[in-house]
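Asks: Need the 3D shape of this:
(chains A, B and C)
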Amino acid sequence: MARRFFQLIIMCYLIGWVFVTKKGYQVVDDTIESSVVTKVKGIARVNTTFSDLWGPEEYVIPDHGGKFLFVVTNFIETPNQTLTTCPESPSVPFSTCTHDDNCTEGEAVRAGNGIKTGTCRKTDGNETNTCEIYGWCPTEKSSRPEAATMLREAENFTVYIRNFIKFSQFNLSKTNILKEGYPSYIKTCLHDEIHHPYCPVFRLGDIVSKAGYRFEEVAAKGGSIGIVIKWSCDFDMDTSDCHPQYSFMAMGSSTPVTAGYNFRFARYSSDAAGRTHRNLYKVYGFQLNVMVFGTASQFSIIHTIINVASVLTLMAVG
Amino acid sequence: MARRFFQLIIMCYLIGWVFVTKKGYQVVDDTIESSVVTKVKGIARVNTTFSDLWGPEEYVIPDHGGKFLFVVTNFIETPNQTLTTCPESPSVPFSTCTHDDNCTEGEAVRAGNGIKTGTCRKTDGNETNTCEIYGWCPTEKSSRPEAATMLREAENFTVYIRNFIKFSQFNLSKTNILKEGYPSYIKTCLHDEIHHPYCPVFRLGDIVSKAGYRFEEVAAKGGSIGIVIKWSCDFDMDTSDCHPQYSFMAMGSSTPVTAGYNFRFARYSSDAAGRTHRNLYKVYGFQLNVMVFGTASQFSIIHTIINVASVLTLMAVG
Amino acid sequence: MARRFFQLIIMCYLIGWVFVTKKGYQVVDDTIESSVVTKVKGIARVNTTFSDLWGPEEYVIPDHGGKFLFVVTNFIETPNQTLTTCPESPSVPFSTCTHDDNCTEGEAVRAGNGIKTGTCRKTDGNETNTCEIYGWCPTEKSSRPEAATMLREAENFTVYIRNFIKFSQFNLSKTNILKEGYPSYIKTCLHDEIHHPYCPVFRLGDIVSKAGYRFEEVAAKGGSIGIVIKWSCDFDMDTSDCHPQYSFMAMGSSTPVTAGYNFRFARYSSDAAGRTHRNLYKVYGFQLNVMVFGTASQFSIIHTIINVASVLTLMAVG
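Replies: Sure, this is the predicted structure:
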């Protein structure tokens, strides 16, 4: 009786697990070699001392279209900074003072904007006293991201994603772009699971909402999005069945501390006297990270024999 | 009789699969920690308003020598752009017009270079009418990559690749650079499988042709190349047998739509009046992506006992 | 007797390996989706023609706070280069000459700074003769890193690391940042395994010494550091037990040839006559590479049944 019970379990195991779930008759290659090219298009009106219109050359960082890219959707500009003295920003911890004795000369506060000169001074807004510093002045006005300059057109920016993959073991390669009569199609199409599943151009607003973010909120504070391309290629089927599956993931939680994505960069220039000036930008936006996963499988006589042998052995026990 | 047949299968399985193919007597570490440093050298004569000679500081992007790098081999320069109005480039879809009514004021076409002003205007070449835009003007002349400015010396550029790996489980590390009397060797050697297998400096032309590309073709349009470094270290052998194996993969297909690699970047400057100018570069070239794979294995008494036990069990069945 | 021996081995195998070591009753997810944000803070006094104070905008490359970042700790500045002729640097191999015949006009030496003009010339230091080149002049003075300009304050720079992970299979996500009352804590805390294990801000000096490097040595020549964040989440335990484990790895050996990390970049400007000047920087520093590994496991009735069945089968053999 117990013997029959074992046999039943073994039969289920064999058929269900080894051959259906695990596809024991196939050899699997899960080291996928992948190359990703991205390109963002769109124009945004902004209001900076630098320019009043931003194209991809200005709002995509870095510029070399790889699998990590950042699209600026909001920013705080601090124009025309020079190296001189000014009161520290009150948002820097421990920067406020009541007397010169609170400001140790030569000290650099962590997260501060410069080196203390030893003087306690009124801030430019006249609201409070902070230690004077030597550094890039004036310091950044610590406005909340909500008050910054938004790129309202960003929702309609388009992101072109080209992915080329290779399974060396099977010497097979695929791309997410169809081949027939394509050049003009790519310039005008927009990805849509139902009508345009093979169009490699995505609207930024769609990517953001599919990841589960509300656009206006995250465009203000910034956020990280994972764009997952999944390939599961069963080469026993027709290879044309091996298609990319796109999915979008919000890579951040909703608590204020862990949300957001911003960084600062500067553009430098020299005046006639040879003095260096810089424009500082604190930029908020979407960090897009294209991740490619995939497995390929194919019938293998060796794997079939080994699994059948194991199965028969276990049967014999029964 | 059937019993003998099973025994035979099991014997083959045991000896062939468990101990020879799978090396069942060893423990395997396939989480490899890796660090890659790259450096490109070479000088190219070019013809730009910016300079007439490019070194690595100009043609390698980004500059911080990591495992992703891009070498410019061809480019289109659009010098001295300013923010003003000009006719849109005819290569932008739907940019041509016959009448002002075709041009909606304030509209920004997808993939366009600026915002329409509402006027229909002759292009500078006088060939056709396109909508006038406000943007960085003049717009890029959409020449074919074949007509652009090539860096003919690129084939002889050298790429130095340093790879350091670590298998934490075995507390062992290796590098692709030999240690003896090396500094001067590195400055003059060129990798060659037969004569200089330990030289970490590769000629760009060799990398490209080993990947299966024709240099002149791909230098014009750009392309992606995977440089795979494979380590398979069997620490039961002498560790000095654990050498890097280099291979080069073309990561792109040959169809026009999916081939090529280009992106745009700009260099900014201000004139005496404080107005911003930019030089726009559309660059074509080789994207090199160094990928490191590896496994380390070592004799393990536990793994041997477990596999011998399994084997004996199966034998007993027979 | 032999039968008893097999039974013993099988029992040990079953209990020890399948259920304790391998946790055969659980399903495991080892594809971790991860997002990393980094931000460096601190001010350093330097001495360059460009500025006498560097903040993160100047010493962190690239600026977009991702999982690869480079912190400059030492550099050699070559200010005000222009495209003209000058003697080649004597440190370039085969650059010395005794006569014009040694210098082939139009030739570009590998690793050289420009194209030979065909003249043999005294170097500026008057010590030796080298071939004259056309290129960015004057060439970089090849000082040893020890003689360069150090950022002495770098040891106290702080590195903020935010890591968000997701296990899609279990639909669970975690971050390395605690949630309660945090904003002010983050601005002032410093990571410490005992007192502040949940603070995501690390002192650069601590990272370097935990990786096993001596700070002053490596700050001069540069080096690569792997920051490993390991998550091992057993969701059968309370999920709050799923914490990040930080470890730091020196990714480089101590031999002079394979040690060090440096690269060059240039900042461009134009003078009134429209001529391009550049400041060349050869920077040494720490390349930080945040690597995230992780597995999640959870009780699975299917896995338990399958493993119990296999075990019972093997027992039956005994």
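Asks: residues from the stretch 1-150 of chain A in reach of chain C?
Replies: A:6, A:9-10, A:13, A:17, A:61-62, A:68, A:70, A:83, A:93, A:108, A:110-115, A:134-136 (C-beta under 8 Å from any C-beta of the partner chain). Glycine gets a C-beta too; all of them are placed from N, C-alpha and C.
Asks: Got a quick PyMOL command for the buried subset of those residues?
Replies: Of these, the buried ones go into a single PyMOL selection, burial set by 16 or more other C-beta atoms under 10 Å in any protein chain shown:
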select buried, chain A and resi 6+9+10+13+61+62+68+70+83+108+110+111+112+113+114+115+134+135+136
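Asks: any idea which helix or strand of chain A has the worst average confidence?
Replies: helix A:301-317 (a mean of 64; mean pLDDT, DSSP states H and E).
Asks: Which positions within stretch A:91-110 qualify as buried?
Replies: For stretch A:91-110, using 16+ other C-beta under 10 Å, the buried residues are A:Val92, A:Ser95, A:Thr96, A:Cys97, A:Asn102, A:Cys103, A:Ala108, A:Val109, A:Arg110.
Asks: and it, C-alpha only, in PDB?
Replies: Taking C-alpha atoms only, stretch A:91-110 is exported to PDB below (Å, rounded to 0.1, in the frame of the first residue of the first chain):
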ATOM      1  CA  SER A  91      19.600  74.700   5.800                       C
ATOM      2  CA  VAL A  92      23.100  73.300   6.600                       C
ATOM      3  CA  PRO A  93      23.000  71.800  10.100                       C
ATOM      4  CA  PHE A  94      24.700  73.800  12.800                       C
ATOM      5  CA  SER A  95      25.300  76.800  10.500                       C
ATOM      6  CA  THR A  96      23.400  79.300  12.500                       C
ATOM      7  CA  CYS A  97      25.200  81.500  15.000                       C
ATOM      8  CA  THR A  98      24.700  84.300  17.400                       C
ATOM      9  CA  HIS A  99      28.300  85.400  17.800                       C
ATOM     10  CA  ASP A 100      31.700  85.100  16.000                       C
ATOM     11  CA  ASP A 101      32.800  82.600  18.600                       C
ATOM     12  CA  ASN A 102      30.300  80.100  17.200                       C
ATOM     13  CA  CYS A 103      32.200  80.100  14.000                       C
ATOM     14  CA  THR A 104      35.600  78.400  14.100                       C
ATOM     15  CA  GLU A 105      37.900  79.800  11.400                       C
ATOM     16  CA  GLY A 106      39.100  77.300   8.900                       C
ATOM     17  CA  GLU A 107      36.500  74.700   9.800                       C
ATOM     18  CA  ALA A 108      34.500  72.900   7.100                       C
ATOM     19  CA  VAL A 109      31.100  71.700   8.300                       C
ATOM     20  CA  ARG A 110      30.000  68.400   6.900                       C
END
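Asks: Touching that stretch from outside, list them.
Replies: A:88-90, A:111-120, A:128-132, A:142, C:41-43, C:153, C:156, C:158, C:184, C:187-188 (C-beta atoms under 8 Å, 6 or more residues apart in numbering or on different chains).
Asks: Pull out the buried members of those residues.
Replies: Buried residues within the contacts of stretch A:91-110, defined by neighbour count using 16+ other C-beta under 10 Å: A:88-89, A:111-117, A:120, A:129-132, C:41-43, C:153, C:158, C:187.
Asks: Of the residues you listed, which belong to strands?
Replies: If you go by DSSP state E, the buried ones among the contacts of stretch A:91-110 have A:Gly114, A:Ile115, A:Lys116, A:Thr117, A:Cys120, A:Asn129, A:Thr130, A:Cys131, A:Glu132, C:Lys41, C:Thr158 in strands.
Asks: For A:Asn74, what is the enclosing helix or strand?
Replies: Assigned by DSSP states H and E, A:Asn74 belongs to strand A:68-87.
Asks: List the neighbouring strands of that strand plus their orientation.
Replies: strand A:60-61 (antiparallel), strand A:129-137 (antiparallel), strand A:149-150 (antiparallel), strand A:276-299 (antiparallel) (DSSP bridges).
Asks: coming back round to it: make TSV out of the ones in strands among the buried ones among the contacts of stretch A:91-110 and add pLDDT.
Replies: Below are these laid out as TSV (pLDDT from 0 to 100):
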residue	pLDDT
A:Gly114	91
A:Ile115	91
A:Lys116	92
A:Thr117	92
A:Cys120	91
A:Asn129	90
A:Thr130	91
A:Cys131	92
A:Glu132	92
C:Lys41	94
C:Thr158	95
